[in-house]
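Chemist: coordinates only, no sequence provided:
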């Protein structure tokens, strides 16, 4: 393994910066979206842990990954290829950077959408050095020809360069030095089985518990040089949807409020006041989330109601409601999806301060 760790961008990484799995965009105005745009990724860079022992949460994946890396270093070989799956904002990119740092290797970064042709991938693979780590974000969005090229490269460390065209074309095998692919995906089910089978280690990242997010916030506050009270950390963590990226984003907004309207300290009162200004309630719901619940409960009596009708009622596109608001609302047990449409569940009525209808009065249940 060679020393380094320099990050080299390859192509234009789409990542989950503006997409979530199936390619639907997030509204940029939401503080609780799990995706990040490029300016925010730059802000995140200063807060990323550099080593596995600094990485908070994901204990099982962290311990398993530590064994894989230590064993590879002990043998002096490149470790097995690594696949990281899970929702945006949980640390897949950070873990890829940590893997390269732990190995003392350089990191190449690209994404599935950036590789449109097999030739694009061949150019990247042929320039890799021994022991280098290739991080492919949104690997489930690779073009099919690139996927097939990657199969051979991951298994045999070889790419076939096509020379000529038509009937006279021939394939010249080009050997590659041992390297490690780290793939990240928000939609593991979309990965073809042949590609999934090439990964020797697969780790799934789960949402964080509040106490883990508190540790993330305390660490981030220390790096930002701002005083964060324990009660404020707990308050921010409880509204962060189990996602470190959202927790760090809310922390920065609370810092802004404390700097402009407070005394500079991140207290419980400052956290509550700031998050009220930014319309993130005590359960982590934002304006769109509450609009969906309000329309579903007040205007449609709890449903069921079709997605298009619900989207018109809140003044958004159906794709926005389905990909931005619904995942969290369903995970929190606030709404349900049925064959006849969306329905409000009892916690939704309670959250809005409305009496829960009897089962006979509504069509949910």
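Modeler: Good, I have the coordinates. On a predicted model such as this, the values are computed, not experimentally measured, just so you know.
Chemist: ramachandran coordinates for the nearest residue in space to residue 77 that is not next to it in sequence?
Modeler: Among residues not flanking residue 77 along the chain, residue 178 sits closest, at 6.8 Å (C-beta to C-beta, 6 or more residues apart in numbering). In this view, the C-beta of every residue, glycine as well, is placed from N, C-alpha and C. Reported as degrees, to the nearest 10, the phi and psi values for residue 178 are phi -60, psi 130.
Chemist: what ranges do the helices span in the stretch 101-250 of the chain?
Modeler: 118-126, 144-156, 193-196, 210-224, 230-238, 244-260 (DSSP state H, counting those that start in this stretch).
Chemist: buried set for the last one?
Modeler: Neighbour-count burial for helix 244-260 flags 244-251, 253-255, 257-258 (criterion: 16 or more other C-beta atoms under 10 Å).
Chemist: nearest to residue 126, of those residues?
Modeler: residue 245 (33.9 Å; C-beta to C-beta).
Chemist: which strands and helices lie in contact with the helix or strand hosting residue 61?
Modeler: In the assignment (DSSP states H and E), residue 61 maps to helix 59-75. Judged by 3 or more C-beta pairs under 8 Å, 6 or more residues apart in numbering; DSSP states H and E, the packing partners of helix 59-75 are strand 82-85, helix 92-103, strand 201-204.
Chemist: out of everything not next to it in sequence, what's closest to residue 247?
Modeler: Leaving aside its chain neighbours, residue 247 sits nearest to residue 240 (3.9 Å; criterion: C-beta to C-beta, 6+ apart).
Chemist: likewise for residue 297?
Modeler: In space, residue 297 is closest to residue 344, 4.9 Å off (C-beta to C-beta, 6+ apart).
Chemist: pLDDT score assigned to that neighbour?
Modeler: The score at residue 344 is 90. That number is its pLDDT.
Chemist: repeat that for residue 75.
Modeler: On the pLDDT scale, residue 75 is placed at 89.
Chemist: so that it lines up with my notes, have the first residue be 170 from now on.
Modeler: Noted, 170 is the first residue going forward, which turns the last one into residue 244.
Chemist: quick check: it vs residue 303, distance?
Modeler: Relative to residue 303, residue 244 is positioned 20 Å away (C-beta to C-beta, to the nearest Å).
Chemist: cool, residue 494 as well?
Modeler: According to C-beta to C-beta, residue 494 and residue 303 sit 35 Å apart.
Chemist: residue 456 is in contact with residue 449, isn't it?
Modeler: No. Here residue 456 does not reach residue 449: they are 9.1 Å apart, not a contact under C-beta atoms under 8 Å.
Chemist: these two - which one has more neighbours?
Modeler: Legend: neighbour count by other C-beta atoms under 10 Å for residue 456 and residue 449, higher for residue 449 (25 against 18).
Chemist: and that one, what is it in contact with?
Modeler: Shown in contact with residue 449 (C-beta atoms under 8 Å, 6 or more residues apart in numbering): 200, 201, 408, 419, 455.
Chemist: what of residue 226?
Modeler: Contacts for residue 226 were tallied using C-beta under 8 Å, 6+ apart; they are 260, 377, 378, 381, 382, 384, 385, 413.
Chemist: helix/strand/coil for it?
Modeler: Using DSSP: H, G, I helix; E, B strand; the rest coil, the three-state assignment for residue 226 comes out as coil.
Chemist: list phi and psi for it.
Modeler: Taking degrees, to the nearest 10, you get phi 80, psi -180 for the backbone angles of residue 226.
Chemist: quick one: it from residue 248, how far?
Modeler: Note on residue 226: its distance to residue 248, by C-beta to C-beta, is 22 Å.
Chemist: would you agree the residue nearest to residue 246 is in contact with residue 325?
Modeler: No. Between residue 347 and residue 325 there is no contact under C-beta under 8 Å: 11.1 Å.
Chemist: give me the common contacts of those two.
Modeler: By C-beta under 8 Å, 6+ apart, no residue touches both residue 347 and residue 325.
Chemist: just to revisit the earlier point, of residue 244 and residue 303, give the one with the bigger neighbour count.
Modeler: Set side by side, residue 244 and residue 303 show more neighbours around residue 303, with 25 against 9, by other C-beta under 10 Å.
Chemist: who's in contact with that one?
Modeler: Residue 303 sits in contact with 277, 279, 293, 294, 297, 348, 349, 350, 351, where contact means C-beta under 8 Å, 6+ apart.
Chemist: how near is the last one to residue 218?
Modeler: In other words, residue 351. 16 Å.
Chemist: between those two, which one's more packed in?
Modeler: Higher neighbour count among residue 351 and residue 218: residue 351, with 28 against 18, using other C-beta under 10 Å.
Chemist: distance check, the more buried one against residue 269.
Modeler: Counting by C-beta to C-beta, the gap from residue 351 to residue 269 is 8 Å.
Chemist: what do you get for residue 389?
Modeler: Distance from residue 389 to residue 269, by C-beta to C-beta: 22 Å.
Chemist: tally of neighbours for the closest residue to residue 365 other than its chain neighbours?
Modeler: Spatial nearest neighbour of residue 365, chain neighbours left out: residue 252 (7.0 Å); criterion: C-beta to C-beta, 6+ apart. By other C-beta under 10 Å, the residues close to residue 252 number 24.
Chemist: looking at the sheet around residue 252, what are its partners?
Modeler: Legend: beta-bridge partners of residue 252 under DSSP bridges are residue 352, residue 371.
Chemist: ok, it - contacts?
Modeler: Residue 252 makes contact with 308, 351, 352, 353, 354, 357, 360, 365, 368, 370, 371, 372 under the criterion C-beta under 8 Å, 6+ apart.
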